[in-house]
Structure formats: structure tokens, C-alpha cells
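K.L.:
need a 3D model of the following:
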Amino acid sequence: MKYKILALALVAFIGMQAQEKKETKKVENKDKMVVTKTKIINVMENGEMVQKKVMIKTTKEQEIKTDPNYEGTIDAPRVFPATKVSKVIYIDNDEDPFYDSQSELSFYQHDGKTYSFNPTDSGFEIIDKESNMNLANARFSNNADVYLLETGGYSGIGLETTLEILKAGAKVILPCRRLDEANKNLDPDDKNLILKSMDLGSIESIESFTAFIDNANLSIDILINNAGIMACPETRIGDGWESQFGVNHLGHFFLLKK
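P.N.:
Numbers count the residues shown, from 1 in each chain. Presented below is the predicted three-dimensional model:
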């Protein structure tokens, strides 16, 4: 009887532990696909052609999100943020069954374009992988009082830029036309992140934002003008500006001058 009681107690303990682990496990709401390919390549070494076995493991991850404009409905359409692509390359230099070296790289795909974040001595650069063109640079600093102001930093390539900068410990100020989306895509409780409402198509909104910067006694050290719109119907904003020219150029110019 004593052994039966001990056995039941052990089963109950294991069940409680499993339940606890199940409750604390974080569920990632992502699409994830892993593809592994192996091939033989010919390389020249010391004047001789040798064969090496190469295995490439590709992982694609994309967050599962729905259009926030349809929040609370059962038929909300899905939106597609940037896809993170990670590749691990294994190389076998001899005939044993083990791979001798490996290297890793990551990049992002969004709206049919592919971007990579390449580290530099001062931070990182954003590269268009198709044209190898440098799209932007970001600089990190160990000085906790250095602030980066970035427009459009809560969706698309701007979101990925923000996340990389926050990982480095820098402070980021994001003016947001869609503050609700910024709160969903980023952590509003992050002590290194400031989210504030602003519309680049409105001088009044920009003035209100810059007044907040002044009143909070914040000194902007780096400005990343990332936000922009395109292929939109002809509309007029501000003092009769065409919307795309007004938001992409005049709004940023006015923000910088203020």
C-alpha cells in the first residue's frame, strides 16, 4: 500500500510539473518553414580541383498578423510583414561523416524585395540584396544619452531597423501616424523606446510632436527619415500639396527644420 501511495504521489508531481511547463511555454504566432539541401561543389585548392560536400539549411519565419482595421471580426484579412530568412551553411572538407565548418547569415524579404543588415564599425547598413545598393546606415553608441529619431519605424523595413537598433541598447523615438499599430508591433513598455503620435502630412501635427521633444528636453542625435507613401490616389494635404510629395519630402524637411 505504501508503494502505491508513493507511486501516485510521483505521478501527480510529474503531472503538475508538465502542466506548469505547458502554461509557461511561450507560443510564437509565426509561419516557419525549414528546407535543407545538400550538394557537392568543386573548388580549387593548391592548384588541384577537389570536391566538398555542402549542406544549406534555410529557415523562413513570418509573423502571422491580421489587418488591425478589422480587429474583432472573424474574417479579418491577413497582412504580411517582412519575412526573416536565415541560412546556415555547413561544409565538409574531408571524407568523414561530419561537417567541419559552418557559417550563418540572415536577411529580410518584404514586398518582393530582399534586404540585409550588415554590421559596420559604427553600427550597421541596410543593403538591397538585388542591386547591392546601400539604402541607409545606422550608428550605435554606448552613450545612454544618445537618441535616434526614426519616421515610419513600426512597419515594414522600418520596423526591422527599429528592432536592430533597440537590440544594441540605443534609445529610439518613433513618431507614429498609426499609434495603435506601433503599439502592437513594438513593446510600448520598453524603456529605450518612445512612441508618439505624429502625421507627416500635417504641419500642426509635426509642430505638436516637436513641442513634445522640446518640453521633454530631448536632444536628437541621429535622424532616420524612413517613412513614405507611394502609388496612392491624387489627394491634397496641408497647403494644397500633393500627398506623396508632401509626406515624403516636405513633411520630413519641416520635421528636420523644427
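
K.L.:
where does pLDDT dip in this structure?
P.N.:
Within the chain, the segments meeting pLDDT under 70 span 1-28, 105, 121-123, 137-147.

K.L.:
how many neighbours does Ser155 have?
P.N.:
21 (other Cβ atoms under 10 Å). From N, CA and C alone the C-beta is placed, and that goes for glycine too.

K.L.:
phi and psi next, for it.
P.N.:
phi -150, psi 160 (degrees, to the nearest 10).

K.L.:
hang on, it packs against Phe80?
P.N.:
No: Ser155 is not in contact with Phe80 according to Cβ atoms under 8 Å; the separation is 11.1 Å.

K.L.:
wait, what's in contact with the closest residue to Phe124 other than its chain neighbours?
P.N.:
The shortest distance from Phe124 to any non-neighbouring residue, by Cβ to Cβ, 6 or more residues apart in numbering, is to Phe117 (5.0 Å). Phe117 makes contact with 106-108, 124-127, 160, 164, according to Cβ atoms under 8 Å, 6 or more residues apart in numbering.

K.L.:
Gln102: neighbour count?
P.N.:
Gln102 is flanked by 11 other residues according to other Cβ under 10 Å.

K.L.:
mind listing what's buried in stretch 189-206?
P.N.:
Neighbour counts over stretch 189-206 (16 or more other Cβ atoms under 10 Å) mark 192-195, 198-203, 205-206 as buried.

K.L.:
what sits up against that stretch?
P.N.:
151, 154, 162, 166, 169-177, 179, 182-183, 186-188, 208-209, 212, 227, 237-238, 243, 246-247, 251-252, 254-255, 258.

K.L.:
just the buried ones from those?
P.N.:
Buried residues within the contacts of stretch 189-206, defined by neighbour count using 16+ other Cβ under 10 Å: 151, 154, 162, 166, 170-177, 179, 182, 186, 209, 212, 227, 237-238, 243, 246-247, 251-252, 254-255.
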